[in-house]
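# My questions are about this predicted structure, shown below with the sequence.
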Amino acid sequence: MTTKPTNTCPPPMTTLMPRQFVAPLAQHTPRHWLPGNPVVSAILNAYTVLVPANENFYIRTLKACMPRVHEANTRWMIVNFVHQEAQHGVGHRQHWSVLDAQGYRFRRFEKWVDVLTFKTVERIVPLHIRLSAVSCIEHINAYLGYEFLQQNILETADPSVRALFEWHFAEEIEHKHVTYDVLRELAGGYLVRLLGALLAAPIFYLLMTIGTLKFLRQDGLLLKAATWRQFGSHLWRANHMALRTLRHLWNYLRPGFHQNQLDDRALARHVIERYSTTPSIWLQPTARGQQQARPAVSGANRGRDAA
């Protein structure tokens with residue numbers, strides 16, 4: 001059953017647990033690890049190539065904001081957000097070794113993206129606009145997670161690769177509100193949110209498109225009619241991702257928007273529980289996550305820990 005956004009916000013996740021991905025990613029994983037669907041395989045391969053540089057940009061941006069954030073719980077959330085995002089970068093870099101073994105060439109593209117996009121933006125764009133851009137991309141990550149999990153698109157995928165993406169998507173849902181809440185505290189005007197979205201969304205989808213087409217070209221499938229029929233199925237006929245994407249972006253631009261108006265917490269919890277329990281425990285708390293499992297400290301102490 002599809003969960004629809006409302007005008008009321010359920011409470012956010014009470015904690016953000018940093019976890020590490022420990023599933024074995026086999027180097028003999030098939031190129032099209034979503035069987036019969038090279039297009040979605042290529043789309044998420046492009047996503048995995050962009051993740052580490054993306055996450056590092058988020059981390060640098062949120063760390064730069066920390067001295068301006070005075071509310072203890074928000075600082076605590078930022079610290080745990082940073083730890084979760086760092087682990088996403090580690091997990092996806094592990095998948096890079098699989099892509100290498102499959103014979104894909106992508107590292108020059110990844111370096112170009114990091115230097116010419118993220119580091120250039122960092123040099124010339126003011127911090128409050130960068131924070132707004134991160135907020136928008138985090139919204140994109142969260143609604144991608146919602147759609148892939150809610151539609152169960154990866155049901156038949158290679159188990160370990162499926163686990164990697166579904167863990168990442170679940171944690172994007174967990175912490176989807178963090179950068180937006182920081183943005184509201186530091187630069188809460190609607191114009192700033194709009195400018196960040198106008199910067200971030202076109203760049204994100206341009207890079208995803210270029211990366212996807214590069215993977216399909218290396219597969220020899222770029223000019224095949226079946227490939228474009230499969231694009232049509234993913235974007236319109238089957239998964240309806242084009243229209244759903246436009247709706248999610250439109251929601252973000254509403255004046256009264258907040259991420260928690262879409263209550264998809266149960267989706268995230270289900271995924272985390274599935275990969276954190278036997279027979280295959282593929283998610284484990286990091287050292288910081290293990291500390292959080294102990295009795296909670298006071299908000300004041302949390303604020304000092306986050307400093």
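Received, thanks. Numbers count the residues shown, from 1 in each chain.

# Point out where the stretch 151-300 of the chain drops to low pLDDT.
Low-confidence segments of the stretch 151-300 of the chain, defined by pLDDT under 70: 289, 292-300.

# Tell me which stretches of it form helices.
Assigned by DSSP state H, counting those that start in this stretch, the helices in the stretch 151-300 of the chain fall at 159-174, 178-187, 190-218, 225-232, 241-253, 265-276, 287-292, 299-306.

# how about those, which one is nearest Arg123?
Ranking the helices of the stretch 151-300 of the chain by their distance to Arg123 (criterion: CB to CB) puts helix 190-218 first, at 14.1 Å. Every C-beta, even on glycine, is put in place using the N, C-alpha and C of the backbone.

# Buried residues in the closest one, which are they?
192-193, 195-197, 199-201, 203-204, 207-208, 211-212, 214-216, 218 (16 or more other CB atoms under 10 Å).

# quick one on the thing from earlier: out of the helices of the stretch 151-300 of the chain, which one sits most buried?
For these, the largest average neighbour count (mean count of other CB atoms under 10 Å) is found in helix 159-174, namely a mean of 24.

# Touching, Ser233 and His240? I think so.
No: counting by CB atoms under 8 Å, no contact exists between Ser233 and His240, whose distance comes to 9.8 Å.

# Secondary structure element holding Gln20?
Using DSSP states H and E, Gln20 sits within strand 19-21.

# partner strands of that strand, parallel or antiparallel?
strand 283-285 (antiparallel) (DSSP bridges).

# residues of the strand it pairs with that come out buried?
Leu283.

# Centre of the chain to it, how far?
How far strand 283-285 lies from its chain's middle: 18 Å, per CA atoms, centre = their mean, to the nearest Å.

# can you list the residues that contact it?
Contact with strand 283-285 is made by 17-22, 167, 272, 275-276, 292-293, as judged by CB atoms under 8 Å, 6 or more residues apart in numbering.

# how about the residues you listed in a markdown table, adding distance to Thr179?
Supplementary listing: the contacts of strand 283-285 in a markdown table, determined by distance: CB to CB, whole Å:
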| residue | distance to Thr179 |
| --- | --- |
| Met17 | 18 |
| Pro18 | 16 |
| Arg19 | 19 |
| Gln20 | 22 |
| Phe21 | 22 |
| Val22 | 27 |
| Trp167 | 20 |
| Ile272 | 20 |
| Tyr275 | 25 |
| Ser276 | 25 |
| Gln292 | 20 |
| Ala293 | 25 |
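
# of all these, which comes closest to Thr61?
Pro18 (18.3 Å).

# Return the backbone torsion pair for that closest one.
The phi and psi torsions at Pro18 (degrees, to the nearest 10) take the values phi -70, psi 130.

# Verify the stated contact: it with Phe81.
No: when contacts are counted by CB under 8 Å, Pro18 is not listed as touching Phe81 (9.2 Å).

# circling back to that earlier point, if we look at the strand holding Gln20, which residues are touching it?
Residues external to strand 19-21 that are found in contact with it (CB under 8 Å, 6+ apart): 84, 87, 90-91, 94, 163-164, 167, 171, 272, 276, 282-286, 289.

# Pull the distance from it to the chain's centre.
Its chain's C-alpha centre lies 15 Å from the corresponding centre of strand 19-21 when counted by CA atoms, centre = their mean.
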